[in-house]
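**Student:** After the sequence you'll find the predicted model.
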Amino acid sequence: MTLALIVLFTFLGSIASLLGTLFFLVKRPIAENFSDQLISFAAGTLIATAFLDLLPEAKEAAGSANVFMPVFAGFIIFFLAERFIQLFHHHHAHNNNPSTYLVLIGDGVHNFIDGVSITASFLASPTLGITTSLAVAAHEIPQEIADMSILLANGLPKSKALFYNFLSALTALAGALIAFYFAAFVEKNLYIFLGATAGFFIYISASDLIPELHEKYLRDKKFSHTFFFLFGIITVFAFTTLFEGFK
């Protein structure tokens, strides 16, 4: 049952991100505008999932162990991973074809980590797994749209860009299945995986998404970004509160 839920929600997250990129190809102006709202929602869900769900679960699983070190390690690891990815992302404006595949590799690594995070969360509880999957899907959709724009800017045909994006999205399923295969090890060190996931989410929200929200607000002066950010937080809070009994 747990494996079925893991596969289902990892797959749904991958399909959602692919539908986002497909919509971007068909209705680019609308997708770009919708992406702004989704980034705001993603920032709220990520930060709320980290503080309201992942950290309490990690603390409970840690017992007397120090739960803050995995959080700190997760934050630093994602910083270093993003530095590696950004090393190649900035080349997209120069139509540098090798960078296209390096962007896909970086995206694949990111998706793989998301899959591991989803499995670790489901091993803690179904509710936490679903909440984590929601947060992952929310931030994956705008990211995949951004990656699609890079692939197209690099001169890749739409059909190839979509196909490569699909292959990259499947790495999330690979990460989820590998983590489940080593479930005994993951469960033994569950607080480390949950804490690291919280660190990932805090980093993505605080260093990537929220600064982008500030930038968009200064440019557009739209309060809707703040609304969707708060809506993301409220969604996670409501979900975790309503389904607390299922943990």
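**Tutor:** Thanks, I have the structure now. Numbers count the residues shown, from 1 in each chain.

**Student:** contacts for stretch 125-138?
**Tutor:** With Cβ atoms under 8 Å, 6 or more residues apart in numbering as the test, stretch 125-138 has contacts from 2, 5-6, 9-10, 12-13, 16-17, 38, 41-42, 45-46, 48-49, 53-54, 57, 114, 117-119, 121-123, 172, 194, 197, 201, 232, 235-236, 239-240, 243-244, 246-247. From N, CA and C alone the C-beta is placed, and that goes for glycine too.

**Student:** what about Lys222, which SS state?
**Tutor:** What DSSP: H, G, I helix; E, B strand; the rest coil gives for Lys222 is coil.

**Student:** Please list all residues in contact with Ala65.
**Tutor:** Counting by Cβ under 8 Å, 6+ apart, Ala65 touches Tyr191.

**Student:** how about it, secondary structure?
**Tutor:** Of the three states, Ala65 takes coil under three-state DSSP.

**Student:** so what's it scoring on pLDDT?
**Tutor:** On pLDDT, Ala65 comes in at 89.

**Student:** Mind telling me what element the nearest residue to Leu194 once chain neighbours are set aside is part of?
**Tutor:** Nearest in space to Leu194, with sequence neighbours left out and distances taken as Cβ to Cβ, 6 or more residues apart in numbering, is Ala58 at 3.8 Å. Per DSSP states H and E, Ala58 falls inside helix 55-62.

**Student:** Just the buried residues of that helix, please?
**Tutor:** Leu55, Pro56, Glu57, Ala58, Ala61, Ala62 (16 or more other Cβ atoms under 10 Å).

**Student:** and what of stretch 199-217?
**Tutor:** Here stretch 199-217 shows 199-205, 208-210, 212-213, 216 as buried, counting by 16+ other Cβ under 10 Å.

**Student:** Same check on stretch 68-81?
**Tutor:** Pro70, Val71, Gly74, Phe75, Ile77, Phe78, Ala81.

**Student:** For the fourth one, list the residues it contacts.
**Tutor:** Going by Cβ under 8 Å, 6+ apart, Phe75 touches Gly199, Phe200, Ile202, Tyr203.

**Student:** Name the nearest residue to the first one, sequence neighbours excluded.
**Tutor:** In other words, Gly199. With Cβ to Cβ, 6+ apart as the criterion, Gly199 has its nearest non-adjacent residue at 2.4 Å, and that residue is Gly74.

**Student:** list the contacts for the one you found?
**Tutor:** Gly195, Ala196, Thr197, Ala198, Gly199, Phe200, Tyr203 are the contacts of Gly74 under Cβ under 8 Å, 6+ apart.

**Student:** What about those, which are in helices?
**Tutor:** Judged by DSSP state H, helices contain the following of the contacts of Gly74: Gly195, Ala196, Thr197, Ala198, Gly199, Phe200, Tyr203.

**Student:** now Ala137: how far from Leu38?
**Tutor:** Taking Cβ to Cβ, to the nearest Å as the measure, Ala137 falls 10 Å from Leu38.

**Student:** What of Ala120?
**Tutor:** 25 Å.

**Student:** The two - which one has more neighbours?
**Tutor:** Ala120 (32 against 22; other Cβ atoms under 10 Å).

**Student:** So that one, which state does it fall into?
**Tutor:** Three-state call for Ala120 (three-state DSSP): helix.

**Student:** Nearest residue to it in space, please, no chain neighbours.
**Tutor:** Nearest one to Ala120, counting by Cβ to Cβ, 6+ apart, is Phe193 at 3.7 Å.

**Student:** From the structure, what's the count of residues near that neighbour?
**Tutor:** Neighbours of Phe193 (other Cβ under 10 Å): 25.

**Student:** wait, what's in contact with it?
**Tutor:** With contact taken as Cβ under 8 Å, 6+ apart, Phe193 is in contact with Pro70, Val116, Ser117, Ala120, Ala179, Val186.
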